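>>> Sequence first, predicted coordinates after that:
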Amino acid sequence: MTFDPGLVARVADVLEQIGERGVRQKNVFGGWGFLIGKHAFAIVWGDGVIFKLTSDDYHRALDEPGVVPFAPGGDRPMGTWAVVEADQLAEDPQLGDWLRRGLLAVGR
């Protein structure tokens, strides 16, 4: 899967805007991942973003528009990872809210 470099840049910019430091970036699942230590919390994948969520948040998120479980290759969903479509991340405040949710899932 390819990823949108413009969205990667937006994610990095929004993380800086919300004051998150110490985030590493690398290739994850064929997308571009954002990690705290060894734990990924967001992966730009295609034209959307996959977010790691807490268990409670994951179940709530699946009721939101444009959010589906991450199931690579159409297999069973992978833990508490959810794909958020690009139109749900169109504005920086929306993207920031999702990034905070991902960061919470990895203990930030």
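Received it, and whenever you're ready, just let me know what you need. Since the structure is predicted, the reported quantities are computational estimates derived from the model, not experimental observations.
>>> Quick check: which element contains I50?
Element membership for I50, per DSSP states H and E: strand 48-52.
>>> Report the buried residues of that strand.
G48, V49, I50, F51, K52 (16 or more other C-beta atoms under 10 Å). Yep, even glycine has a C-beta here, placed from its N, CA and C like the rest.
>>> low pLDDT regions in this protein?
1 (pLDDT under 70).
>>> State the distance from the residue lying farthest from the centre of the chain to I50.
Residue farthest from the centre of the chain, counting by C-alpha atoms, centre = their mean, is D75 at 19.4 Å. Separation of D75 from I50 (C-beta to C-beta, to the nearest Å): 15 Å.
>>> Also R24?
When distance is defined by C-beta to C-beta, R24 is 16 Å away from I50.
>>> Equivalent analysis for R10, please.
Taking C-beta to C-beta as the measure, R10 falls 15 Å from I50.
>>> How about V67?
When C-beta to C-beta is applied, the distance between V67 and I50 equals 11 Å.
>>> Now do the shared contacts for these two.
Residues touching both V67 and I50 by C-beta atoms under 8 Å, 6 or more residues apart in numbering: A82, V83, V84.
>>> G33 sits in which helix or strand?
G33 is part of strand 31-36 when elements are defined by DSSP H and E.
>>> Neighbouring strands - and their directions - for that strand?
strand 23-28 (antiparallel), strand 39-45 (antiparallel) (DSSP bridges).
>>> Can you say which of those is packed in most?
Most buried of these by mean neighbour count (mean count of other C-beta atoms under 10 Å) is strand 39-45; its value is a mean of 25.
>>> Output that strand as PDB - backbone C-alpha positions only.
Taking C-alpha atoms only, strand 39-45 is exported to PDB below (Å, rounded to 0.1, in the frame of the first residue of the first chain):
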ATOM      1  CA  HIS A  39       4.800   1.700  19.700                       C
ATOM      2  CA  ALA A  40       3.100   3.000  16.600                       C
ATOM      3  CA  PHE A  41       0.000   5.100  17.200                       C
ATOM      4  CA  ALA A  42      -0.700   6.400  13.700                       C
ATOM      5  CA  ILE A  43       0.100   5.100  10.200                       C
ATOM      6  CA  VAL A  44      -0.600   7.100   7.100                       C
ATOM      7  CA  TRP A  45      -1.900   4.400   4.800                       C
END
